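Novice: Give the three-dimensional model of this entry:
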Amino acid sequence: MKKNWMLILLALILVLIAGEVLAEGADPHAAQRENALAAAKVSLPNAEFDYAVRERDDGRYEWNLFFRQGDSLGVCKVLEEKNEVRRVEMYPMPQGALMASEAAAKLAAEKGAVTVLELELDHDDGALRYEGEAELDGKRYEFEMLTDGKIIEWERD
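Specialist: Numbers count the residues shown, from 1 in each chain. The predicted structure follows:
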C-alpha cells in the first residue's frame, strides 16, 4: 500500500515537472519550424520573416510563414515533411499595415489570451486582411481582421 502511494506521488511530481517545462515555452515543433524557415529563406532571401503558424492541409502539415519584403506583405507556404515551398503569395502593403505578429498581438489585446490556430493573408473585397481560427477558453472562433488591426469578424466556430 505504501509503495502505491509512493508511485502515485512520483507520477504526480513528473506530471507537474512536465507541465512546467511546457509552460516555460517548450515548443515541440521548433525544429520543424526552423527547417521550414530555412527553406523559405532560400526562396525569399531578402524577406523579413515575422510569424509562423503550423496547419494541417489535405492530410499534411504545412507552415504558413508570414513576411515583409520591400513594400509587400506575404505568406510562404512550406510543406513540413519535405521542407518544400508550395506557394508564395505577395500583396502590396497598405499604409499602416500590421505584420502578422502585430495582428496576432492586437487580437489577443482585444479578445483575451487567444491561441491562433490558423492564419491566412487574403485579398478579399478590395482589402487585404488576415483570416483564421483561434481558440479562447477552450472554444474555437473564426476571425477576419484588416491589416490595420480592425477586427471585422469574430464568431464561434
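
Novice: C-alpha only now, for contacts and for neighbours.
Specialist: OK.

Novice: Any idea which helix or strand in the protein has the lowest mean pLDDT?
Specialist: helix 2-23 (a mean of 43; mean pLDDT, DSSP states H and E).

Novice: and after it, which helix or strand comes next?
Specialist: helix 30-43 (DSSP states H and E).

Novice: tell me which residues of that following helix are tucked away?
Specialist: With burial defined by 16 or more other CA atoms under 10 Å, the residues of helix 30-43 counted as buried are 32-33, 35-37, 39-41.

Novice: got it, and stretch 42-60?
Specialist: Applying 16+ other CA under 10 Å to stretch 42-60 flags 47, 49, 51-55 as buried.

Novice: From the rest of the structure, what touches that stretch?
Specialist: 33, 41, 61-70, 79-81, 85, 99-101, 116-119 (CA atoms under 8 Å, 6 or more residues apart in numbering).

Novice: Quick one, which of those are buried?
Specialist: Neighbour-count burial (16+ other CA under 10 Å) is assigned, among those, to 33, 41, 62-69, 79-80, 85, 99-100, 116, 118-119.

Novice: Do you have the strands of the protein handy? List them.
Specialist: 48-57, 60-69, 72-79, 84-92, 115-124, 127-136, 139-146, 151-156 (DSSP state E).

Novice: now these as JSON lines including mean pLDDT and distance to A26?
Specialist: JSON lines is the format used below for those (pLDDT from 0 to 100; distance: least, CA to CA, whole Å):
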{"stretch": "strand 48-57", "mean pLDDT": "93", "distance to A26": "15"}
{"stretch": "strand 60-69", "mean pLDDT": "95", "distance to A26": "18"}
{"stretch": "strand 72-79", "mean pLDDT": "95", "distance to A26": "22"}
{"stretch": "strand 84-92", "mean pLDDT": "94", "distance to A26": "25"}
{"stretch": "strand 115-124", "mean pLDDT": "92", "distance to A26": "15"}
{"stretch": "strand 127-136", "mean pLDDT": "94", "distance to A26": "19"}
{"stretch": "strand 139-146", "mean pLDDT": "96", "distance to A26": "23"}
{"stretch": "strand 151-156", "mean pLDDT": "95", "distance to A26": "29"}
